[in-house]
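Peer 1: Would you be able to build a 3D model of this:
(2 chains)
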Number of protein chains: 2
Amino acid sequence: SVVPLKYRQEWKKFSVHVIQDKSDFQLGFVRHVETTLGRSLFNCDDLAAYHASARSVKDSLIVMWNQTQQRQTLLGNKRIYYLSLEFLMGRAMDNALLNMGIKKTVSDGLHDFGFHIEDIENQEPDAGLGNGGLGRLAACYIDSMSTLEYSAWGYGLRYEYGIFRQKIIDGYQVEQPDYWLEYSNPWEIPRHEIGIDVMFYGRVEEAFNSQGHAVKKWIGGEIVRAMAYDLPIPGYRTTNTNNLRLWSAQPNDIFDFAKFNEGDYQNAVAEQVEAQTITSVLYPNDNFHKGKELRLKQQYFWVSASLSDIVRRFKKSRRDWSEFSDSAAIQLNDTHPTLAILELLRVLVDLEGLEWKKAWDITYNTFGYTNHTVMQEALEKWPLDVFGNMLPRHLEILYEVNYDFLKKVEEQFPNNPELISKVSLIEESNPKQVRMASLAVVGSHKVNGVAELHSELVRTQLFPEYVKIYGEDKFINITNGITPRRWLLEANPGLAELIAEYTGGTEFLTDLTRLRQLLKHIDDPEFRSRWSRVKQTNKHALASMIRKYAGRHINVHALFDIQVKRIHEYKRQQLNVFGVIDRYLKLKKMTPEQRAKEQPRVVLIGGKSAPGYFMAKVIIKLVTAVADVVESDPEVSDVLQVVFVPDYNVSKAQRLVAANDLSEHISTAGTEASGTSNMKFVLNGGLIIGTVDGANIEIGREVGTENMFFFGHLAESVEGVRKENRENGVSLDPNLAEVFATIDNGLFGDPNIYKPLLDSIRYQGDYYLVNADFRAFVEAQAAVDAAFADREGWVTKSITSVANMGFFSSDRAVNEYAESIWNTEPLGNDC
Amino acid sequence: SVVPLKYRQEWKKFSVHVIQDKSDFQLGFVRHVETTLGRSLFNCDDLAAYHASARSVKDSLIVMWNQTQQRQTLLGNKRIYYLSLEFLMGRAMDNALLNMGIKKTVSDGLHDFGFHIEDIENQEPDAGLGNGGLGRLAACYIDSMSTLEYSAWGYGLRYEYGIFRQKIIDGYQVEQPDYWLEYSNPWEIPRHEIGIDVMFYGRVEEAFNSQGHAVKKWIGGEIVRAMAYDLPIPGYRTTNTNNLRLWSAQPNDIFDFAKFNEGDYQNAVAEQVEAQTITSVLYPNDNFHKGKELRLKQQYFWVSASLSDIVRRFKKSRRDWSEFSDSAAIQLNDTHPTLAILELLRVLVDLEGLEWKKAWDITYNTFGYTNHTVMQEALEKWPLDVFGNMLPRHLEILYEVNYDFLKKVEEQFPNNPELISKVSLIEESNPKQVRMASLAVVGSHKVNGVAELHSELVRTQLFPEYVKIYGEDKFINITNGITPRRWLLEANPGLAELIAEYTGGTEFLTDLTRLRQLLKHIDDPEFRSRWSRVKQTNKHALASMIRKYAGRHINVHALFDIQVKRIHEYKRQQLNVFGVIDRYLKLKKMTPEQRAKEQPRVVLIGGKSAPGYFMAKVIIKLVTAVADVVESDPEVSDVLQVVFVPDYNVSKAQRLVAANDLSEHISTAGTEASGTSNMKFVLNGGLIIGTVDGANIEIGREVGTENMFFFGHLAESVEGVRKENRENGVSLDPNLAEVFATIDNGLFGDPNIYKPLLDSIRYQGDYYLVNADFRAFVEAQAAVDAAFADREGWVTKSITSVANMGFFSSDRAVNEYAESIWNTEPLGNDC
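Peer 2: The predicted structure is shown next:
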């Protein structure tokens, strides 16, 4: 399929070039309106203009993509494969324009035709292919890998329905399907020619190969075709453009003679059509494992197609199998892709005929595993029968892996059945279950946590036995990071411009440690005043967004206190709202004069609950009820406003972080692995009220604890408090008791609605330490008020914090992965 | 969404132009390879080259499409809407290149890059969105409507799976799904912005409008979204490019609060995804009604979306409703779209608030109905409960239509309950059924049959009561036609070129009566010899196709006797194969010397059976078994070959018609409404062996019966023979008895396989007159042999026939529709 040399001259006359100037863009734009969209200048609305703009820009991305892939293939360096079941990308257009450095070009080009770039960009739906932090982390990392010029591909699923859209009706969350592809996705390249057949169910037979060796054949199962969609991922100010390949289950024409011979054509076709539902919907759970068979099917579908693709690419290079792990590093983002370990073994042993030992070594050296949680309810386990029925051959391989592993453990630690039972890949429960995290540990050469405390808990709480077996070195920490391109340049162009001016250019966007140079200007009144003005402008912008989506007018001169993230008991939005009620009650007890002296505050809470998570939905209802009561109370509404921000997503996050004065990261210590929104909020000049948990700790270390409002029990004392609560019951803090009484008295509607939430604290042991941390939380909030009253002091804290956030760039994180897990270096890009 | 005047100057600088020369094509080609496909000259195979070529050509089609639509809208003339559940388009590329006159340009452009246009064109899958004649007729008509410059749109469904692919395994038909969109369809324009919500089920409530009138509201049903895909239909040598709009059921984000409040997010989404299966599969039955609920759903989905689209377009013109039928003519291709009558009434009365009488008049004047069959088993009827459950409001409207109609009948023919019962739209059977053909007659101002005999049978056998009620004038004949662009120019370029040379140019392609000028050259030896050489070349080409698809080497010097069409008892492939066996037995009785004097013949039989049509599948099995026996018998294989052509479709048809010496159209008289393949075969220089049925009759009249091999009972005597058979049993023709004995003796495998087929003839009344027509058929075949032995005489017959085929152009047919039903004229095209 290579065009012969003698024809290439002719071809190259017509080759496509990357957009250089306005008319390049306009030519592409008009062409896409008039051909791709089949429209004309009599029929071009903002939506059409968005699609034409996106496609015009994508054409350039594809050219860069092609050059990058050709170069990477030619050089043959090691490639990083980042497997993540979620990529929470948000919008693509603004990011592409900024990374390519053509935002003004495109803006001008659109202007010539009477369009405004903001309106056009607002036509883009969020690519909501993720639940929360884990999915957004993957998105940040692939941005960094492109920017840093690593040779890297992401692999995920192209869900037809992203994370549901959240509607608030009567104060309750109602889920609405997010059919984000309704108007097609102009950023993807459909690869119709890349169709990989994935098998499920069936049976295993023993056969003999041409050398007379016994081999296992997995046959007779259902086959579903995976089709690839590629998303070019542009780096910032480089033509290096990596690939994010998302698989979609497609209807196909695979021919099942048996079925058709039964003569039931109509039903046979219906089954083929049905197959495509595998990639219909993203599972909407965050940090919670629910063992649905379709979920396992999604995982294997994705893993099998990706491995097949990776192996095909390797085989094209005609290198020896022993070089496989020098040519590919596969990172498992959480346990979701752990089946890849078994699948690679299957491919190497069953299909490629390698010896087991050799296949195992290759596999072990290829994989790295990132753990994202130590919470039991979030650990993936699959009932053995479900697993073995869907993946009979993989279960055999699992047994083999387990046998080899346990034999070695037995050799190392003889006569220790308790240890064996703890580290076995099979949990001897009823029903028996496959422990995916254990498999990920055993099959990977490195295991990392995502923040210092979390990595410590991984070693000491989650996997102490494995640490004993493998030694400390296998278990490392790489603290998460965020991309400054999206979370500073794109989210907060005003601040980015100001920083560029005071740090001598835009280099800080690729070397975030340069933010430290801001400290030189910390006393410059001009700089400080502009710093404050940027924030104020952003607060105005957020206020108008809040008007649009929540119908509330908020006071832009108040302190903006924001907690946006998935709604979860461990993230403790309930603590926040109880604090708000406490504040409300105190304000009500004041005289008008006293109230007038209080620090006005706008509390913004947003986030989605898993559809089946009852308690989280109660919390949302309470927040909206409190918001309504406070809003309709003229006595307090000048000094306190509460708004529930509906349908929190990446593009709303960009507006929220830019406008924050304070953000809340108040998880029960030891539960939040890292958090990354904490980094985003501080990078945008806000301070944190938070627990000593996840990356809060390292943020505090970097920016100085005097610039953080830490509170609450430490991780090491959590179990003690729980034990005390279990044994002696919870004795409510008097202020919290008053809050509960107010709720019980019906101020926020039918108290029965909230009873399960309150009872879980007062009668059921308060697992998340809401009561135990309540007083400290309220005091920390008082300290915030006091600090904010000193505006100049606050600005100093703000600048100091931003200046010290350099560590939290995802560029730094990715470089750490490359050095300590993937053993690879940036390829550079000089083509 | 119109770009304001001041920006248009700038826009027009970049406007897209239609391909004029090679480099225009090449620019588009390379651009599509490098951007749309995301490939490069290192990665461009024939499939990629096809997609890039197609998209490059389509870009021009879209520009012409846009200009055409703008002009048609501006002029505001009456538009023809052709509603057909099937459009059997075949391939698009060659047709587009020929119609646009750029085939050489594109061929040269591809050649410069090292590609051959034939290879590239062969990458295109057939668009098999139809079963047989009805669907192909629709395809011919939309070609003619574009070529003749009518303002016309086709409306159909975009099935994901076209008509199944036929595999022959052990001699049996096995159906394979035809997922023709696997590599995407480059010829379509997805109209993501055109999404029309279609409702099913639900209930009807009475409400009062603002004027206090009672109105009916249909509410509470399931909603499925119809998305439009447009196929530009280029005319021949005109820029007039009409539209074929195909609807696809799409997943959507329509919000059912009730469902989501139950909290079952996952299932609710699954239901939305499920909705899209409505347009998954084309029903594979031809001339047979099977009352599947999903089929009714397809029909309403399609009709509702189309009507909504038509009405929306009309309302944009701001004309009064009284002008609706002057602005739109809707043709019902068979009864499949008959629901459109009720739907238009619903839209006008319920949604637009028109008076019933006015709505009725508009509806009646808008619709025309083409009947395609008089066979009872093919008439559409829907059980009343299925109908009323899915379309409760339409059932009410149906009752109202029926009430009004029967009241008038009662006034016209008082006290005639038998007549009332016969013409009622509801059949009082158990269960009660809705008679769709009756509704089509009552709701349309014209009803036409598709050939003279058929139209006569429509008047006298099918609808005599309606003729009595409405008078003769409502029931007309328009004999079918075929487009000479596809069926001569594209199928047989050699013959088209020769004809152009001898008729003074290519005008015959748009005025087929000019073929008559060939008669002037009928004695010219040079012309005659070239005529024969073209045929011989085509026979070589067909032979190599047969090698490829059937693995058989056929004798290109034999007479090519072809019967390709859906396998159906009424089309009597069994008669053909019994004749072949008879011939085989006679050959076997001959001495080698006698056999050497016999006319060598290759019998090609092809076609698909409905998957559930047992008897048709037996016929296929018999054909393949006979083919095997004959092929493996060295005594006869020099003078007789039989081949079953697998997976007959439009692109294979193009090769077959070009190579035919003789074609068989041997349906039981009175059963085949018209047939159009008979026209295609004769237009390509073959003769017909056929019954006095369908368009055979008119072909005979035009070309002269001396150039046809007619045989068999006439339509008027069929019922008599059947009665005789029923009453006195079938007395087998001695030769047919010998054929049956041979089958019974196991020469073609287990005789039990064929017993049902043979028994239906010898013991069950021989409904299709196979026995009654057998002797005549065999004699007619002998006459064919004799005539073919006189090669010069045959050439004269061939030329004479072609010269007289002018009448059978679909251009003529479409002009007749326009004049006698649609009351409209070509718009012309001088933009």
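Peer 1: looking at this, A:Pro232 is in a strand?
Peer 2: Yes: assigned with DSSP: H, G, I helix; E, B strand; the rest coil, A:Pro232 falls within a strand.
Peer 1: which residues does it contact?
Peer 2: Going by Cβ atoms under 8 Å, 6 or more residues apart in numbering or on different chains, A:Pro232 touches A:58, A:61-62, A:64-65, A:187, A:189, A:241-244. For glycine as for every other residue, the C-beta is placed from the backbone atoms N, C-alpha and C.
Peer 1: Now intersect the residues you listed with the helices, please.
Peer 2: A:58, A:61-62, A:64-65 (DSSP state H).
Peer 1: State the pair within these that is farthest apart.
Peer 2: The most widely separated members of these, counting by Cβ to Cβ, are A:Lys58 and A:Met64 (10.4 Å).
Peer 1: These two: which is more packed in?
Peer 2: Using other Cβ atoms under 10 Å in any protein chain shown as the criterion, A:Lys58 and A:Met64 rank with A:Lys58 on top: 26 against 21.
Peer 1: Contacts only, for A:Ala329.
Peer 2: Per Cβ under 8 Å, 6+ apart, neighbours of A:Ala329: A:78-81, A:366, A:368, A:821-824.
Peer 1: before we move on, back to that, if we check chain B, which of the ones in helices among the contacts of A:Pro232 are in contact?
Peer 2: A:58, A:62, A:65 (Cβ under 8 Å from any Cβ of the partner chain).
Peer 1: Now do the strands in the stretch 451-600 of chain A.
Peer 2: Listed in chain order, the strands of the stretch 451-600 of chain A (DSSP state E, counting those that start in this stretch) span A:475-477, A:559-564.
Peer 1: List the contacts of stretch A:518-536.
Peer 2: For stretch A:518-536, using Cβ under 8 Å, 6+ apart, the contacting residues are A:492, A:494-495, A:498-499, A:502-503, A:556, A:659, A:661, A:685, A:791-792, A:795-796, A:798-800, A:802-803.
Peer 1: for stretch A:189-196, same thing?
Peer 2: So stretch A:189-196 is in contact with A:58, A:62, A:65, A:225-232, A:247, A:250, A:252, A:304-305, A:308-309, B:37-38, B:47-48, B:182-184, going by Cβ under 8 Å, 6+ apart.
Peer 1: so the residue most central in space within chain A is in which element?
Peer 2: Nearest to the geometric centre of chain A sits A:Gly135, at 1.9 Å (Cα atoms, centre = their mean). Per DSSP states H and E, A:Gly135 falls inside helix A:133-147.
Peer 1: Likewise for A:Val682?
Peer 2: Here A:Val682 is assigned to helix A:677-683, by DSSP H and E.
Peer 1: one step back: strand partners (parallel or antiparallel) of whatever helix or strand comes next after the helix holding A:Gly135?
Peer 2: Where DSSP H and E defines the elements, the next helix or strand beyond helix A:133-147 is strand A:152-157. Here strand A:152-157 has these sheet partners by DSSP bridges: strand A:79-83 (parallel), strand A:241-250 (parallel).
Peer 1: nearest spatial neighbour of A:Asp385, skipping sequence neighbours?
Peer 2: A:Pro431 (6.4 Å; Cβ to Cβ, 6 or more residues apart in numbering or on different chains).
Peer 1: Which pLDDT does the model give that neighbour?
Peer 2: For A:Pro431, the pLDDT comes out at 93.
Peer 1: just A:Arg595 next, same as before
Peer 2: So A:Arg595 comes in at 96 (pLDDT).
Peer 1: wait, it sits on A:Val636?
Peer 2: Yes: with contact defined as Cβ atoms under 8 Å, A:Arg595 counts as touching A:Val636 (7.0 Å).
Peer 1: Of these two, which one has the most company?
Peer 2: Legend: neighbour count by other Cβ under 10 Å for A:Arg595 and A:Val636, higher for A:Val636 (21 against 18).
Peer 1: before we move on, which element is that one in?
Peer 2: Using DSSP H and E, A:Val636 falls outside every helix and strand.
Peer 1: any idea how far it is from A:Val642?
Peer 2: 10 Å (Cβ to Cβ, to the nearest Å).
Peer 1: Please report the distance of A:Ile163 from B:Arg203.
Peer 2: A:Ile163 is 34 Å from B:Arg203, by Cβ to Cβ.
Peer 1: again but with A:Asp766, I slipped
Peer 2: Taking Cβ to Cβ, one finds A:Asp766 at 50 Å from B:Arg203.
Peer 1: re the thing from before, out of the contacts of stretch A:518-536, which end up buried?
Peer 2: Neighbour-count burial (16 or more other Cβ atoms under 10 Å in any protein chain shown) is assigned, among the contacts of stretch A:518-536, to A:492, A:494-495, A:498-499, A:502-503, A:556, A:659, A:661, A:685, A:795-796, A:798-800, A:802-803.
Peer 1: Write out the residues of the stretch 51-200 of chain A neighbouring chain B.
Peer 2: Near chain B, when you scan the stretch 51-200 of chain A using Cβ under 8 Å from any Cβ, you find A:58-59, A:62-63, A:65-66, A:70, A:112-114, A:160-161, A:164-165, A:167, A:169, A:174-179, A:182-184, A:189-193, A:195.
Peer 1: and chain A, what are its domains?
Peer 2: Taking automatic domain parsing as the domain assignment, the ranges for chain A are A:1-75+A:92-125, A:78-87+A:127-479, A:554-790.
Peer 1: re earlier: comparing A:Asp766 and B:Arg203, which residue is more hemmed in?
Peer 2: A:Asp766 (22 against 11).
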